[in-house]
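> give me the fold of what follows.
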Amino acid sequence: MNPAEDTIDIEIQYQPLFSLIEDEFDVEIEGVPTQSYSGTMEQLDRASEGDRVFADTSPGAVPQLGPEEIDVVGMREAFGAERYFGTLVTTADSGITEVSELEGEVIATADIGSVSGGMAPLWMLKEHGLDIGNAAQGGGAEDFEWRSGVAHDRAIEELINDDTIAAAGAGEFASVPHVPYEQIEAEFPDLYEISPEVDRAGSREPELRLLETSPPIPRAPIVVNAAWEEDLRYDIEEFMRDADSSDFEHDAFDLADALNLDLPDDMLEEYNEGTLDTDDYDLDESQEADWQEFDDHTLWFSGVAAADHEDYDPVRQFAEDLGIAFDEI
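Reported below is the predicted structural model:
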């Protein structure tokens, strides 16, 4: 499992999917969070005939490893959306309104192995005329100082907390909650029309300004090591693709208990019933923080759609535009 957000316990986040499979097939899933995006790909690359490995991984893993090493189980959908975006954001008071104005500045991004948080931000910077040098190959940029290698949420936190950083690159799921809804609606029609994250726009402080989005990216896949050819593998694959969106939801009481959160029982009950309106609850500061932690740990996708290697050709194009050889990631 990729470390997309460092502040998230990904094993708790993925528990609905784990429990779904374990209950149906009488198996036990061992969750293995990796230290980096490349770490997940290394695990897949090492997997052989006797290994049973499914992986939550980046879209970049598909062209990097290829059909010899992995098969694509499916593309993870977020409430009907099969595409998502990389973003570049700055603070609301930075005075920066154009990507070109980042020349000479410090920019924090996620790992280059992340398409939305590392690769796409570099691509956007290049598209706006900045010299990225050999940053994509692990070196440095010519026109800005590039700080990469953290999770998406950490890149956003660094922007917020470090006055020397002018902008951050991250997937939409980490940045959009800080961006005003009105800005997205007025300036970024593709993001507004495609992304389910827009419903969360403006929900978190502090406010950030969205500078640019990438072209739509195919959402991250679930993949499996190609050498595993047991019938069980194919049965689990089909089961995941056929599951209902409700199967990917946490029981609110179980999630609150797992995270040791203090939230009203009525609130959790209404969450389970699908009738929750958080405006109905006057939460204190501690409960507000607990609710944010609860919300962060809900599973970020609601289904697994059929997909194959060709669906990830746009990711290969990103890499070619940046001069990245996949064996360098």
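
> and the spatially closest residue to residue 297 that is not a sequence neighbour, how far is that from residue 133?
Once flanking residues are discounted, residue 297 sits nearest to residue 13: 5.0 Å by C-beta to C-beta, 6 or more residues apart in numbering. In this view, the C-beta of every residue, glycine as well, is placed from N, C-alpha and C. The gap separating residue 13 from residue 133 is 36 Å, by C-beta to C-beta, to the nearest Å.

> looking at the two, which is more packed in?
The neighbour count for residue 13 versus residue 133, taken as other C-beta atoms under 10 Å, is higher for residue 13 (22 against 14).

> re the thing from before, can you give me every residue that contacts the residue nearest to residue 297?
Shown in contact with residue 13 (C-beta atoms under 8 Å, 6 or more residues apart in numbering): 297, 298, 299, 300.

> flag the least confident of those.
Within the contacts of residue 13, the minimum per-residue pLDDT falls on residue 300 (87).

> what sits against it?
Residue 300 touches 13, 78, 173, counting by C-beta under 8 Å, 6+ apart.

> quick check: it vs residue 33, distance?
15 Å.

> also residue 269?
31 Å.

> show me where the stretch 51-200 of the chain has helices.
61-69, 120-127, 152-161, 172-175, 181-187, 189-194 (DSSP state H, counting those that start in this stretch).

> count of residues packed around residue 83?
16.

> not counting sequence-adjacent ones, nearest residue to it?
Residue 83 sits nearest to residue 216 (C-beta to C-beta, 6+ apart), 3.8 Å away.

> show me what contacts that neighbour?
83, 84, 85, 190, 194.

> who does the second one form a beta bridge with?
Residue 84 has these beta-bridge partners by DSSP bridges: residue 217.

> what's the spacing between the closest residue to residue 128 other than its chain neighbours and residue 159?
Once flanking residues are discounted, residue 128 sits nearest to residue 99: 3.9 Å by C-beta to C-beta, 6+ apart. Distance, residue 99 to residue 159, using C-beta to C-beta: 15 Å.

> who has more neighbours, those two?
residue 159 (26 against 21).

> only whichever of the contacts of residue 13 are buried, select them in ChimeraX.
The ChimeraX command for the buried members of these (criterion: 16 or more other C-beta atoms under 10 Å) is given here:
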select :297,299,300
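
> so of the contacts of residue 13, which ones are in helices?
residue 297 (DSSP state H).

> now, which of the contacts of residue 13 sits nearest residue 281?
residue 298 (17.1 Å; C-beta to C-beta).

> could you chop the chain up by domain?
In terms of domains, the chain is parsed into 10-80+220-249+299-305, 83-217 (source: automatic domain parsing).

> mind checking the end-to-end distance for the last one?
The straight-line separation of the ends of domain 83-217 (C-alpha to C-alpha, to the nearest Å) is 5 Å.

> list the contacts for the residue nearest to residue 68 when sequence neighbours are not counted?
Sequence neighbours aside, residue 226 is the residue nearest to residue 68 in space, at 6.7 Å (criterion: C-beta to C-beta, 6+ apart). Counting by C-beta under 8 Å, 6+ apart, residue 226 makes contact with 67, 68, 69, 70, 71.

> from residue 313, how far off is the third one?
This means residue 69. Counting by C-beta to C-beta, the gap from residue 69 to residue 313 is 17 Å.
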